[in-house]
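Colleague: all I have is the shape, not the residue letters:
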């Protein structure tokens, strides 16, 4: 019996066991199985288009579910979405391409976008973190020396719009963003070399974080003062957007302009060649590739890639 090799549209048509077209099939240990059907979550309707969401776990094990729109930050309580926006009306005004980025730091949930200074909530509503920048990307990293909150692609009163800039908060303090590398370890710098803006970032194991541009990636390592963090560039390979990279613990899977890649901290490796690479490039929207989203189903060890098809402006 010929084993089923799965969806492999780039392989020669006569290859035994390949599927050149299928729907609702996913890999399984013994071959393939039916994918789960979409199920209504049961909550009330959102106030507007969702532009980012997160489920966080606090130190006592309780969870909070947040989602952001162009004008609000909301929390799911039972089946009802409760407004947790900062004071003021409208609380937020996101641009056409702005998305919320979230990070958890102890019991504090932080959120930001390029139109909004970093927000914080431990209970109840969010509020501004006074000294923090606006940022496209927000990530928490724990090192052997303690924890940092990172902001990438930022806007602030001192350096202005800096699409290649990184910030780290003070050590173990996501509320302090005044540069003082010798005392608090809060610092900032730029990722030079490759052209373009920082579009994504993810922690990698312990003590490291990876920042992605469209055509390069940078591995940041904690080195202590005065630099605090040092970044090494890996040129020619990058990521298409904010949610197009997923952390598996010791490796990243990410979508680039020309392939789907795996990065273990040593070198990026293409993983779609000869299987789905050309099909993927032919069927996705190049203009809206930045909307690509990757989700890791840890229980079933599956990675899902959602992307806008050719001619589309939404993940469909």
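Modeller: That came in fine, so what should we check first? Quick caveat, the model's predicted, so the values are computed rather than measured. Numbering: from 1, shown residues only.

Colleague: touching, residue 190 and residue 164? I think so.
Modeller: Yes. Between residue 190 and residue 164 there is a contact at 5.0 Å, judged by CB atoms under 8 Å. C-beta coordinates here come from the backbone N, C-alpha and C atoms, glycine included.

Colleague: quick one, which of those two is more surrounded?
Modeller: residue 164 (20 against 13; other CB atoms under 10 Å).

Colleague: just checking, what packs against the helix or strand where the more buried one lies?
Modeller: Take DSSP states H and E as the rule and residue 164 turns out to sit in strand 160-168. Counting contacts by 3 or more CB pairs under 8 Å, 6 or more residues apart in numbering; DSSP states H and E, strand 160-168 is packed against strand 146-156, strand 187-190, strand 198-203, strand 228-235.

Colleague: and the longest one, what other elements does it pack with?
Modeller: Yep, that's strand 146-156 we're talking about. strand 101-105, strand 134-143, strand 160-168, strand 198-203.

Colleague: redo the ones you listed as JSON lines? Include mean pLDDT and distance to residue 261.
Modeller: Shown next, in JSON lines, are these (pLDDT from 0 to 100; distance: least, CB to CB, whole Å):
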{"stretch": "strand 101-105", "mean pLDDT": "97", "distance to residue 261": "21"}
{"stretch": "strand 134-143", "mean pLDDT": "96", "distance to residue 261": "18"}
{"stretch": "strand 160-168", "mean pLDDT": "98", "distance to residue 261": "21"}
{"stretch": "strand 198-203", "mean pLDDT": "98", "distance to residue 261": "12"}
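
Colleague: give me whichever of those strands is most buried.
Modeller: strand 198-203 (a mean of 25; mean count of other CB atoms under 10 Å).

Colleague: listing partners with orientation, what would you give for it?
Modeller: strand 208-213 (antiparallel) (DSSP bridges).

Colleague: doesn't residue 261 make contact with residue 273?
Modeller: No. In this structure, residue 273 is not within contact of residue 261 by CB under 8 Å, at 10.4 Å.

Colleague: which of these two has more neighbours?
Modeller: More crowded of residue 273 and residue 261, by other CB under 10 Å: residue 261, with 20 against 12.

Colleague: look up the closest residue to the more buried one, ignoring the ones flanking it.
Modeller: Among residues not flanking residue 261 along the chain, residue 268 sits closest, at 4.9 Å (CB to CB, 6 or more residues apart in numbering).

Colleague: ok, which of the helices and strands packed on strand 160-168 comes nearest residue 38?
Modeller: Across the helices and strands packed on strand 160-168, residue 38 has its closest neighbour in strand 198-203 (26.6 Å, CB to CB).

Colleague: where are the low-confidence patches of this structure?
Modeller: 1 (pLDDT under 70).

Colleague: center of it - which residue?
Modeller: residue 243 (3.9 Å; CA atoms, centre = their mean).

Colleague: domain assignment for this structure?
Modeller: Listed domain ranges for the chain are 1-36, 244-316 (source: automatic domain parsing).
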